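Undergrad: Predicted coordinates and the sequence they were generated for:
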Amino acid sequence: MTRKSWIISMFVVLLITLGGCTFTPSPLWLVDGFDFPVGDPNGQGWAITGYAFLDWSNVSNSLHPGEDWNIPGAGNGDQGELVYAVANGEVVFSGWNTALGNVVLIKHALSPYDFVWSQYAHLDQRNVSVGEIVSRRQIIGTVGRGPENRFAAHLHFELRKADLPANAWPRTNGQAWNSTQVKDYWLNPSSFIKQNRPE
Ligand SMILES: [Zn+2]
């Protein structure tokens with residue numbers, strides 16, 4: 001090997017090494033599609049019989065930023081039914097708040113730079129903790145009735161396109177946000193899931 005070709009090959013090795021250092025690895029929890037949070041992966045057997053996305057909620061005196069899922073006609077019979085992660089992700093909140101009861105919030109990477117968040121509220125049990133990496137369809141909790149059994153059993157489910165605290169609600173100083181404001185932070189859950197089913 002000539003001195004010149006040796007220098008060139010060392011330079012190539014150096015470039016590959018530097019290139020390797022700047023390569024951004026995909027997050028382990030990168031999504032491979034979205035399923036529904038209750039029932040089978042297609043959401044069958046369940047329906048949004050409570051408030052739908054952007055319905056006016058008399059309970060909270062605001063627009064409803066998510067969907068209320070039930071087994072039709074089950075009443076409180078769906079208490080304890082399994083709740084699944086809608087996609088691969090990282091648990092960023094698992095705890096209690098006075099408005100929503102037991103809540104799990106999961107961050108999902110659509111790419112290394114684009115994220116959405118799914119939130120599951122009024123849970124009876126929480127089966128995951130903060131920092132845990134979960135896979136699509138992993139059981140993350142069970143359907144409950146909210147704080148002090150305030151509600152008929154159902155899953156309150158939100159999909160967010162912003163990094164909001166677990167207790168975020170589309171209201172400021174008691175004043176409800178309008179639908180345009182809500183849609184700046186929240187996604188229509190069922191529409192988004194239908195558009196992003198696994199291959
Ligand atoms: Zn709700």
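TA: Right, received. Where do you want to start? All figures in this text were calculated on a predicted structure; none of them were measured in a lab.

Undergrad: So what sits opposite residue 68 in the bridge?
TA: Going by DSSP bridges, residue 68 is paired in beta bridges with residue 156.

Undergrad: interface residues of the chain facing the ion?
TA: The chain has residues 68, 156 near the ion, with proximity defined as Cβ under 5 Å from the ion. Yep, even glycine has a C-beta here, placed from its N, CA and C like the rest.

Undergrad: Over in the chain, which residue gets nearest the ion? Let me know.
TA: Residue nearest to the ion within the chain (Cβ to the ion): residue 156, separated by 3.5 Å.

Undergrad: what's near enough to touch that residue?
TA: Applying Cβ atoms under 8 Å, 6 or more residues apart in numbering, we find residue 156 in contact with 50, 66-68, 100, 120-122, 146.

Undergrad: Could you tell me the per-residue confidence at residue 36?
TA: On the pLDDT scale, residue 36 is placed at 98.

Undergrad: Please name the residues that touch the residue nearest to it when sequence neighbours are not counted.
TA: Of all residues not flanking residue 36 in the chain, residue 43 sits nearest, at 3.2 Å (Cβ to Cβ, 6 or more residues apart in numbering). Applying Cβ under 8 Å, 6+ apart, we find residue 43 in contact with 35-36, 69, 190, 193.
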